[in-house]
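> show me the folded form of this:
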Amino acid sequence: MIKLCSLFSGSSGNAIFLSTDRVKVLIDNGLSARKIEQALVSIGENPADLNAILVTHEHDDHIKGVGVLSRRYNLPVYANEMTWSIMESSIGNISADNVRFFETGTAFEICNLTVEAFHIPHDAGEPVGFNFYAQQRKITIATDIGHINQGLVECLKGSDVLFLEANHDVELLKTGPYPQWLKMRILGDRGHLSNEAAGQLVAEMAEMGTKMFILGHLSRENNFPELAYQTVCNVLMTKNIYAGKDIMLDVARRDRVSTPLLLDKKSAVK
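Numbers count the residues shown, from 1 in each chain. Purely as a prediction, here's the structure:
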């Protein structure tokens, strides 16, 4: 059985839990250790059973609690060398045994979980998304994406589950309170993915066979779950694809634990 659960997802902090029958990992930890512990307990997981933390990039909403959690539970922290060099001073002292480097684009193993990091366009040192392979399934985490390119599409192909950024509504962002420089950063090629752009990618991936999608990393100021969901549904309908019928579509919440997704060996949703 594979278990995937967004503990928190958004500009206020990000953490995703993923487990197989032999391994339990966190993808990012941008919140306090206490919040993560409480979130794990709420889905029936013991924080002491974690095997590792994997880091996508060094921004604070992805690494804030990494150091504390690693020290508290003696957890290895996996990141590429560039990300490690930038975040090291922010996360505090980590045991040398728990400093783990991976090479972006090269697969590595954590117990029976195969992990492949891939490049994403974002304004960080060497930001990545992750493909996870277990029990003949492929689960993809791809957030903090400035734009979609063909290389990214190739990395996402064949996913059973795609956790994808739907950060903002363009009009809400343009008319909202952010300073102009920040608006331009978010809208830029190394910023964040809009609801509309997420919808286009979901449609493309659905046409390639992916059946389960979770929208995440929603902005607190420039988006809300119902808008992200409906915008993506509207794009899908132009391709005659319907959420709830042809695909599963869900939205990860910014400030609370989402409903866990359970996959058996036949990729059935429970």
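> so where's this protein uncertain?
Applying pLDDT under 70 to the chain flags the ranges 266-270.
> and the residue nearest to the spatial centre of it, how close does it get to Tyr178?
Among the residues of the chain, the one closest to the centroid is Ile141, at 4.2 Å (C-alpha atoms, centre = their mean). Ile141 sits 26 Å away from Tyr178, going by C-beta to C-beta, to the nearest Å. C-beta coordinates here come from the backbone N, C-alpha and C atoms, glycine included.
> do Leu162 as well
Leu162 is 28 Å from Tyr178, by C-beta to C-beta.
> compare the two and say which is more crowded by neighbours.
Comparing Leu162 with Tyr178 by other C-beta atoms under 10 Å, the one with more neighbours is Leu162, at 23 against 17.
> helix/strand/coil for Lys174?
helix (DSSP: H, G, I helix; E, B strand; the rest coil).
> how many residues are close by it?
Around Lys174 there are 13 residues (other C-beta under 10 Å).
> you'd agree it is up against Met184?
No: using C-beta atoms under 8 Å, Lys174 makes no contact with Met184, being 10.3 Å away.
> for Val123, give me its contacts.
For the record, residue 123 is Asp, not Val. 146, 185, 188, 190-191 (C-beta atoms under 8 Å, 6 or more residues apart in numbering).
> buried subset of those, written for ChimeraX?
The ChimeraX command for the buried members of the contacts of Asp123 (criterion: 16 or more other C-beta atoms under 10 Å) is given here:
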select :146,190,191
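> which two among the contacts of Asp123 are spaced furthest apart?
Largest separation among the contacts of Asp123 by C-beta to C-beta: Gly146 and Arg185, giving 9.3 Å.
> give me the number of residues near Pro177?
Pro177 has 8 neighbouring residues, counting by other C-beta under 10 Å.
> to clarify, my last question referred to Asn14.
Neighbour count of Asn14, defined by other C-beta under 10 Å: 28.
> that one reaches Ile36, doesn't it?
No: between Asn14 and Ile36 there is no contact under C-beta under 8 Å: 10.8 Å.
> what's the overlap in contacts for the two?
Asn29.
> before we move on, what SS does the nearest residue to Glu204 once chain neighbours are set aside have?
Nearest residue to Glu204, sequence neighbours excluded (C-beta to C-beta, 6 or more residues apart in numbering): Val153, at 6.8 Å. Here Val153 is recorded as helix under three-state DSSP.
> pretty sure Val153 sits against Glu207.
No: assessed by C-beta under 8 Å, Val153 is found out of contact with Glu207, at 11.3 Å.
> more neighbours, the two?
Ranked by neighbour count (other C-beta under 10 Å), Val153 and Glu207 place Val153 first, with 13 against 10.
> measure the more buried one to Val202 for me?
Using C-beta to C-beta, which is the criterion applied here, Val153 is 12 Å from Val202.
> show me the helices in the stretch 101-250 of the chain, by range?
Using DSSP state H, counting those that start in this stretch, the helices of the stretch 101-250 of the chain run over 150-156, 170-175, 180-187, 195-207, 225-237.
> any idea how far Asn149 is from Ile91?
30 Å.
> what about these two, which has more around it?
Ranked by neighbour count (other C-beta under 10 Å), Ile91 and Asn149 place Ile91 first, with 23 against 13.
> correct me, but the more buried one touches Ile63?
Yes: counting by C-beta under 8 Å, Ile91 touches Ile63, with 5.8 Å between them.
> ok, residues contacting stretch 96-109?
Under the contact criterion C-beta under 8 Å, 6+ apart, stretch 96-109 has outside partners 52, 70, 74-81, 84, 114-119, 126, 128, 133.
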